[in-house]
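Visitor: need coordinates for the below:
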Amino acid sequence: MTDFENRNLTMLTDFYEITMANGYMASGVDDTTAYFDMFFRTVPDGGGFAIMAGVEQLINYLKNLSFSDDDIEYLRGRGMKEKFLDYLKNFKFSCDVWAIPEGTPIFPGEPIVKVRGPVVQAQFIETMVLLCINYQSLIATKANRIVRAAQGRAVMEFGSRRAQGFDGAVLGARAAYIGGCVGTACTITDIEYGVPALGTMAHSWVQLFDSELDAFKAYAKEYPNACTLLVDTYDTLRSGIPNAIRTFDEVLKPLGIRPQGVRLDSGDIAYLTRKMRKMLDEAGYPDCKIVASNSLDEYLIRDMIIQGAAVDSFGVGERLVTSMSSPVFGGVYKLCATEKDGVITPKIKISENISKITTPCSKKVYRLYDNETGKAAADLLTVADEEIDDTKPYELFDPNVTWKRKVITNYTARPLLKKIFDGGKCVCESPSLKEIKDYCAKQIDTLWDEVLRFENPHNYYVDLSQKLWDEKQRLISLKKAGR
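Guide: Numbering: from 1, shown residues only. The predicted structure is shown next:
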């Protein structure tokens, strides 16, 4: 484990988590067991699905959760009671935690992290649960949109210098790799996580030499087996490509080495790359790849391909690592039940905004796969004590329009939430990042093309079991009656 992962981030929390924890102890309700769900309400960019990411960082945070003497002195200075401070001195994380594995497609309304434990602890970790999962899920989702737009062409994450802080650069590159990018410009992410670091030169390299040709030749001599030249510093078609071809002829060809590529970072990429491709082919370099960058996103990439851009791979920076078009994931963390003396009491939050009415109870999440097609048919939320027997037909219904019903047969029900902590002890091993990336690609293949659309995607159903729906309606009725 690296120092980057081992930082004690215990106090990276909203202050009200501390005031509530202290208040729970002062009020004598700290022996209550609480159940919390993390879920999100809308998919970024109006997409059909999101991608789960950030679980490994959540695991590392929970493993390192402890309070230093300095933390306790700070809280004493903020007026926290000695009973609470004594508890923190001997703090031992003891919650059960479940999470949907990284790389899994996820949908609004379903628990993607579930926490059960002493209310003081389960409440306190809210901020970091959300922080770990929200950002990386946002970037993995954006990256996958861009990768799908590229239609099989490689996409590289180039956003380090535009990320919101150094953690955003490092973890954004990690999440982008999960979403399908082949590598990153961020060197430390290669060191920390094994995401391949990629890159060649900036315009300053070309400007530093007396001529563009001198710059290209110097680079080719130093990196003959990885020679990609940036061709738009002065004039792409009149000097950049001609000087690149001359460099290939005079430096690489005598060594018997083929060039890796050329990169274009400005101008009309569709027009210029068509011209570039013709010039390179005629010079005897049809295998020389063309890389395009410059403030790209999924829509620009899609349009360039439609317009016949001769691009082999894309470098995508600020619009990926910041998810600029939709920069907030919007996950929330809500109490759904309490437990005392073995009795579980469902909890609900009521709102005038229907989408903000929570779903009560400790729950399971199932994904139902059609055995004939292998495609995901729907997700199903049930009360935790329910088991789905997929050898029998099951009736699904829209929880908002209950007359819309469908009986599903010949299906497989797969539970999505996996236990990662049992009584505060980590009970899972994080897969390698490459395994997560490969798993993500396979899981996306289980979604119908209609769900993958960028505009007006099919609404993938997240349904409630009859038992869970009944319990939700019962609590809504009670609250409306003032009980």
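Visitor: rest of the way, CA atoms for contacts and neighbours
Guide: Fine.
Visitor: point out where this protein drops to low pLDDT.
Guide: Flagging of the chain using pLDDT under 70 yields the residue ranges 1-6, 483.
Visitor: residue ranges of the helices in the stretch 151-300 of the chain, please?
Guide: Secondary structure of the stretch 151-300 of the chain (DSSP state H, counting those that start in this stretch): helices at 166-179, 187-193, 203-208, 212-222, 241-247, 269-282, 298-306.
Visitor: alpha carbons of the third one, in PDB - could you do that?
Guide: What follows is helix 203-208 as a C-alpha-only set of coordinates in PDB (Å, rounded to 0.1, in the frame of the first residue of the first chain):
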ATOM      1  CA  HIS A 203       4.400  22.700 -28.300                       C
ATOM      2  CA  SER A 204       7.200  24.200 -26.200                       C
ATOM      3  CA  TRP A 205       9.500  21.300 -27.300                       C
ATOM      4  CA  VAL A 206       9.000  22.400 -30.900                       C
ATOM      5  CA  GLN A 207       9.400  26.100 -30.200                       C
ATOM      6  CA  LEU A 208      12.600  25.600 -28.200                       C
END
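Visitor: what's that helix packed up against?
Guide: Secondary-structure packing of helix 203-208 (3 or more Cα pairs under 8 Å, 6 or more residues apart in numbering; DSSP states H and E): helix 212-222.
Visitor: what's the spacing between the helix it packs on and its chain's center?
Guide: 39 Å (Cα atoms, centre = their mean, to the nearest Å).
Visitor: deepest of the helices of the stretch 151-300 of the chain, which one?
Guide: helix 166-179 (a mean of 26; mean count of other Cα atoms under 10 Å).
Visitor: with adjacent residues omitted, what lies nearest to Met38?
Guide: Tyr333 (4.3 Å; Cα to Cα, 6 or more residues apart in numbering).
Visitor: can you report phi and psi for the one you found?
Guide: phi -130, psi 110 (degrees, to the nearest 10).
Visitor: where's Ile290 relative to Lys278, distance?
Guide: Per Cα to Cα, to the nearest Å, Ile290 is found 11 Å from Lys278.
Visitor: do the same with Gly183
Guide: Counting by Cα to Cα, the gap from Gly183 to Lys278 is 28 Å.
Visitor: and if you look at Cys227?
Guide: 20 Å.
Visitor: over to Ala215?
Guide: 23 Å.
Visitor: how near is Thr391 to Asn410?
Guide: Thr391 is 7 Å from Asn410, by Cα to Cα.
Visitor: pick out whichever of the two has more residues nearby.
Guide: Just comparing Thr391 and Asn410: by other Cα atoms under 10 Å the higher neighbour count belongs to Asn410, 14 against 11.
Visitor: which ones are touching that one?
Guide: Asn410 is in contact with Asp370, Asn371, Glu372, Asp390, Thr391, Pro393, counting by Cα atoms under 8 Å, 6 or more residues apart in numbering.
Visitor: give me the buried subset of the residues you listed.
Guide: Asp370, Asp390 (16 or more other Cα atoms under 10 Å).
Visitor: with distance to Thr233 added, can I get the helices of the stretch 151-300 of the chain in a markdown table?
Guide: Converted to a markdown table, the helices of the stretch 151-300 of the chain look like this (distance: least, Cα to Cα, whole Å):
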| stretch | distance to Thr233 |
| --- | --- |
| helix 166-179 | 26 |
| helix 187-193 | 24 |
| helix 203-208 | 6 |
| helix 212-222 | 8 |
| helix 241-247 | 11 |
| helix 269-282 | 14 |
| helix 298-306 | 21 |
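Visitor: looking at those, which is closest to His458?
Guide: Nearest to His458, of all the helices of the stretch 151-300 of the chain, is helix 298-306, at 18.8 Å by Cα to Cα.
Visitor: quick check: angle from that closest one to helix 269-282?
Guide: With axes from the mean of the first three to the mean of the last three Cα atoms, to 10 degrees defining the directions, helix 298-306 sits at 40 degrees from helix 269-282.
Visitor: now what about whatever helix or strand comes next after helix 298-306, what contacts it?
Guide: Per DSSP states H and E, the first helix or strand lying C-terminal to helix 298-306 is strand 313-316. Outside strand 313-316, the residues within contact range by Cα under 8 Å, 6+ apart are 150, 153-159, 289-297.
Visitor: how about stretch 430-438?
Guide: Glu56, Glu102, Gly103, Tyr177, Ile178, Gly179, Gly180, Tyr193, Gly194, Val195.
Visitor: which parts of that stretch are buried?
Guide: In stretch 430-438, counting by 16+ other Cα under 10 Å, buried: Leu433, Ile436, Lys437.
Visitor: tell me the contacts of the most centrally placed residue in the chain?
Guide: Taking Cα atoms, centre = their mean, the centroid of the chain lies closest to Ser137, which sits 2.1 Å from it. Contacts for Ser137 (Cα under 8 Å, 6+ apart) come out as Ala50, Ile51, Met52, Ala53, Gly54, Ala175, Phe329.
Visitor: can you tell me which of these are in strands?
Guide: Using DSSP state E, the members of these that fall within strands are Ala50, Ile51.
Visitor: pretty sure Ala337 sits in a helix.
Guide: No - looking at Ala337 with DSSP: H, G, I helix; E, B strand; the rest coil, it is strand, so not inside a helix.
Visitor: contacting residues around Gly331?
Guide: Met38, Phe39, Phe40, Arg41, Leu130, Asn134 are the contacts of Gly331 under Cα under 8 Å, 6+ apart.
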